[in-house]
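**Student:** With the input below, show me the fold.
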Amino acid sequence: MISHKIKLLLVLILVWGTSCQKDQDKSDFGLTYPAYFPEPHYKFDKNILTKEGFELGRSLFFDPILSLDSTISCASCHAQSHAFADHNTRMSFGVEGKMGSRNSPAMFNLVWQPIFMWDGGINHIEIMPLAPITEEVEMAETMKNVITKLNNHPKYVQRFRSVFGEKPIESQQLFYALAQYITMLVSDDSKYDQYRKGKTNLTVDEEDGLQIFKAKCASCHTEPLFTDFSLRNNGLEIIGEDLGHGRITLEEKDNYKFKVPSLRNVALTYPYMHDGRFRTLEQVLNHYDNGMILHQNIDEQFTKNNRIGIALSDVEKQNIIAFLHTLTDYTFISNPIFSE
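**Tutor:** Prediction:
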């Protein structure tokens, strides 16, 4: 039989080992990305990334408490199964069933983004959640009410205290926690990434599509993030009154310019463009080939070679689409660490 002292020693070893494992998990927690990715734009100098902070941000992302009537959460319009875009709807619906005026963009690799929103109106990831929280047709809440609700919520009081210390919950802490969650939404395990890492090969059509993409699309959708984060006019027919970046700057030269989105996971994030006017990738490529409208702010990329747009044959379109499907990251959309 095992003596009482030996039993006690075994228990202490087990507890110590478990504690060390938890500490190791904490030390291993952090932002990781491939060597061919650039350095992140966002730095954690003032907002130290921790497992507890990330988990707090995740809870807030999925909690409708941030909306006026507690019916809409961030996740309501940003579903993991669609790379954190909306559920393939053209426009999103907010509190009281109010419909927005833009298509909800996908959310991943945000830590590299210098600007946010289709119009580029927000230039910092910590401030980005302010727009949907306070927008009348989205969550329609005030920051004062949000902070009051969180301070009256015993579990959130305790969780914020464990991350940020002994103090009432403030808006800065809310933004820090959400930033910790959304900066960890890194998509870097698609077939394209496996190809970049030398772990798989592309098919003939996918390889041809990549080469065509590099020649005709990559000036705006730059590898490896597949966007240059610029604001451009891509010759869309003007529908409605959305001025894009011109709404922010009030400069006529910026009218109808919208942010170039990343094409990672693009097969999952339809419909496309700022207003979701195109349902399929074929429609998007047809637009660039022969559907663009000439107006004063159209990007110079699309007025070369004595034509408007980008000449694409049917075979080139098919191969580009074949390549775009290699950008789907199934690991990302099924990763339980990002789930509710």
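**Student:** Enumerate every residue touching the most centrally placed residue in the chain.
**Tutor:** With distances taken as CA atoms, centre = their mean, the residue of the chain nearest its centroid is Met107 (1.4 Å). Neighbour list for Met107: 78, 83-85, 182, 185 [criterion: CB atoms under 8 Å, 6 or more residues apart in numbering]. All C-beta spots, glycine's among them, are computed from the backbone N, C-alpha and C.
**Student:** His153 too?
**Tutor:** With the criterion set at CB under 8 Å, 6+ apart, His153 makes contact with Ile65.
**Student:** quick revisit: separate out the buried members of the contacts of Met107.
**Tutor:** 78, 83-85, 182, 185 (16 or more other CB atoms under 10 Å).
**Student:** tell me which of those residues is nearest to Ala35?
**Tutor:** Nearest to Ala35 among these is Leu185, at 19.6 Å by CB to CB.
**Student:** Touching, the closest one and Phe338? I think so.
**Tutor:** Yes: using CB atoms under 8 Å, Leu185 makes contact with Phe338 at a distance of 6.3 Å.
**Student:** which neighbours do these two share?
**Tutor:** Jointly contacting Leu185 and Phe338 under the rule CB under 8 Å, 6+ apart are Phe332.
**Student:** show me where pLDDT drops low in the stretch 101-250 of the chain?
**Tutor:** For the stretch 101-250 of the chain, no stretch is flagged by pLDDT under 70.
**Student:** and which of the buried ones among the contacts of Met107 is nearest to Asp275?
**Tutor:** Ala85 (13.9 Å).
**Student:** Quick check: phi and psi at the closest one.
**Tutor:** phi -100, psi -180 (degrees, to the nearest 10).
**Student:** Read off the pLDDT value for it.
**Tutor:** The score at Ala85 is 97. That number is its pLDDT.
**Student:** Please apply the same query to the one 5 residues further on.
**Tutor:** Arg90 is assigned 95 on the pLDDT scale.
**Student:** And it, how far from Met273?
**Tutor:** From Arg90 across to Met273, the span is 10 Å (CB to CB, to the nearest Å).
**Student:** what's the answer for Thr249, then?
**Tutor:** With CB to CB as the criterion, Thr249 and Met273 are 21 Å apart.
**Student:** what's the answer for Asn290, then?
**Tutor:** 16 Å.
**Student:** now do Val204
**Tutor:** From Val204 to Met273 the distance is 30 Å (CB to CB).
**Student:** same question, Leu327
**Tutor:** Counting by CB to CB - Leu327 and Met273 are separated by 18 Å.
**Student:** How about Ser339?
**Tutor:** Distance from Ser339 to Met273, by CB to CB: 28 Å.
**Student:** now do Leu174
**Tutor:** For Leu174 relative to Met273 (CB to CB), the value is 31 Å.
**Student:** The two: which is more packed in?
**Tutor:** Each of Leu174 and Met273 has its neighbours counted (other CB atoms under 10 Å); Leu174 has more, 25 against 19.
**Student:** what helix or strand does that one sit in?
**Tutor:** Secondary structure from DSSP states H and E places Leu174 in helix 171-183.
**Student:** Also Leu324?
**Tutor:** Under the assignment here (DSSP H and E), Leu324 is part of helix 314-324.
**Student:** Checking the closest residue to Tyr181 other than its chain neighbours next. Helix, strand or coil?
**Tutor:** In space, and not counting its chain neighbours, Tyr181 is closest to Gly57: 3.0 Å by CB to CB, 6 or more residues apart in numbering. Judged by DSSP: H, G, I helix; E, B strand; the rest coil, the three-state class of Gly57 is helix.
**Student:** Quick one: the strands in the stretch 151-300 of the chain, in order.
**Tutor:** Per DSSP state E, counting those that start in this stretch, the stretch 151-300 of the chain carries strands over the ranges 231-232, 258-259.
**Student:** can you give me the helices in the stretch 201-340 of the chain?
**Tutor:** 204-216, 246-249, 281-286, 314-324, 330-334 (DSSP state H, counting those that start in this stretch).
**Student:** What are the contacting residues of the shortest one?
**Tutor:** Where contact means CB under 8 Å, 6+ apart, the residues beyond helix 246-249 that reach it are 119-121, 252-257.
**Student:** Same question for the last one.
**Tutor:** Judged by CB under 8 Å, 6+ apart, the contacts made with helix 330-334 from elsewhere in the structure are 80-83, 108, 185-190, 265, 268, 338.
**Student:** so what's His4 scoring on pLDDT?
**Tutor:** 43.
**Student:** ok, how many other residues are close to Ala179?
**Tutor:** 25.
**Student:** so it makes contact with Ile125?
**Tutor:** Yes: using CB under 8 Å, Ala179 is in contact with Ile125, at 5.4 Å.
**Student:** Overlap of the contact sets of these two?
**Tutor:** Tyr42.
**Student:** quick revisit: of the contacts of helix 246-249, keep whichever come out buried.
**Tutor:** Here, 16+ other CB under 10 Å leaves 119-121, 254-257 buried among these.
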